[in-house]
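Student: Following is a predicted model, sequence given first.
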Amino acid sequence: MEKTLLITGGAGFIGSHVVRLFVQKYPGYKIVNLDALTYAGNLENLKDIENEPNYIFEHADINNAEEINRLFTLYKFDGVIHLAAESHVDRSITDPNAFIQTNVMGTANLLNAARVLWKGNEEGKRFYHVSTDEVYGSLGETGFFLETTPYDPQSPYSASKAASDHLVRAYGNTYHMPFVITNCSNNYGPNHFPEKLIPLFINNIKNNKPLPVYGDGKYTRDWLYVVDHARAIDMVFHAGRNGETYNIGGFNEWQNIALVKLLCKEMDEKLGREPGESEKLITYIKDRPGHDRRYAIDANKLNKELGWYPSVTFEEGLSKTIDWYMANDEWLNNVTSGDYQKYYTAQYK
Ligand code: NAD
Ligand code: DAU
């Protein structure tokens, strides 16, 4: 069936993998990628598909309601997959307003435009909101986040994502907006901006720079290969039940320090260094304020209802990720020049 879909934030890390999957798998769909190209957005991520006939890029800001309304009127979208956001917790601690603006108000602008366009004609339409497991707060040593876990966000980033989740549900309840929400754990893979743990540390190991581990390093995250997140989004967009939430996770918990040591070991092998050489770069630094101790997702609802399960093991995914960063010097050099250096100096001073 022909459809016109809006994907927001498609020039970012996860968005670019989602855009690629949809453009290649659904030649009958017109895919409109809307992105403001902030520091995190990069059209280089989509070089391989930019000339496909079913792909269109729109350089626009979700905070500009007038422009968003114009694009909804122009394209008459049948569905929205909303990923555009400010996404880095550390940046939300230094500049919360940018997160409140884009993640809350930007989402409201999209919801308002969809509501007007679909009013009275909601059948077959879908607003898919891509969210995070961080809305659930922090776990103790045991237990998992379920779809029914109460929201308890702890950082300006997660609070802004929680607010946007609530707005989407409220529009569903009040205006019959057809929607679905997914809350995913930590992604990793190619095209990840090197401010987040895995790509930052790969880049630093490559360049023999210190590896800044926050606090005692015993914080735990559940890691998922980005292509498996994109696969889950495809399944939920097409077969998820209306008005439902699905958790997505890797069934793959790691304490930060164990993960960093694994990364060092893999990189020593790939770079032909002596075993243990990269570990010497590990440096414990002051903790992130309000740092969530542990995240762990129970993704069994998605598995039982739609049969989704990660297709890539962590060992395979990490190896592919390191190989990608080693083979893409130009990409890495481009994104780590200019403003990145200022960010890095301020964050790790
Ligand atoms: P990212 O920071 O790599 O990319 C965000 C993209 O959104 C960029 O292309 C950026 O240019 C664009 N954008 C930012 N502000 C915009 C605006 N005002 N208007 C239009 N475009 C704008 O983020 P990511 O890691 O790919 O995350 C994508 C989504 O997935 C986010 O909503 C995030 O909350 C969610 N998420 C991320 C993870 C993760 O581990 N990275 C896990 C779960 C959920
Ligand atoms: O759980 C999903 C979330 O995962 C997403 O919603 C966010 O968009 C994404 O950024 C990510 O958030 P985290 O804060 O978990 O990811 P980050 O890579 O920033 O940090 C992972 C862990 O590593 C965390 O415990 C903090 C720690 N860390 C991070 C950096 C950048 C360090 O010890 N040192 C660092 O320099």
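Tutor: Yes, it's here. Ligands and ions are numbered 1, 2, ... in the order given.

Student: For the helix ranked longest in the chain, which residues meet the burial criterion?
Tutor: For the chain, the helix with the greatest residue count under DSSP state H is helix 156-175. For helix 156-175, burial by neighbour count (16 or more other C-beta atoms under 10 Å) applies to 156-165, 167-169, 171-172. The C-beta positions use only the backbone N, C-alpha and C, and glycine is treated the same way.

Student: Make sure I have this right: Tyr151 is in a strand.
Tutor: No: with DSSP: H, G, I helix; E, B strand; the rest coil as the criterion, Tyr151 is located in coil rather than a strand.

Student: ok, now how distant is it from Ile81?
Tutor: From Tyr151 across to Ile81, the span is 22 Å (C-beta to C-beta, to the nearest Å).

Student: More neighbours: which of these two?
Tutor: Residue environment comparison for Tyr151 versus Ile81 gives the larger neighbour count to Ile81, 25 against 15, counting by other C-beta atoms under 10 Å.

Student: Report all helices and strands that the helix or strand where the more buried one lies contacts.
Tutor: Using DSSP states H and E, Ile81 sits within strand 79-82. When contacts are defined as 3 or more C-beta pairs under 8 Å, 6 or more residues apart in numbering; DSSP states H and E, strand 79-82 sits against strand 3-8, helix 107-118, strand 126-132, helix 226-239.

Student: neighbours of Lys218, just the number please.
Tutor: Other residues lying near Lys218 total 12 when counted by other C-beta under 10 Å.

Student: nearest spatial neighbour of it, skipping sequence neighbours?
Tutor: The spatial neighbour of Lys218 that comes closest, neighbours along the chain excluded (C-beta to C-beta, 6 or more residues apart in numbering), is Gln255 at 5.3 Å.

Student: give me phi/psi at that neighbour?
Tutor: The phi and psi torsions at Gln255 (degrees, to the nearest 10) take the values phi -70, psi 140.

Student: residue contacts, it?
Tutor: Taking C-beta atoms under 8 Å, 6 or more residues apart in numbering, we find Gln255 in contact with 217-220.

Student: ok, what's across the strand from it?
Tutor: According to DSSP bridges, Thr220 are recorded as the beta-bridge partners of Gln255.
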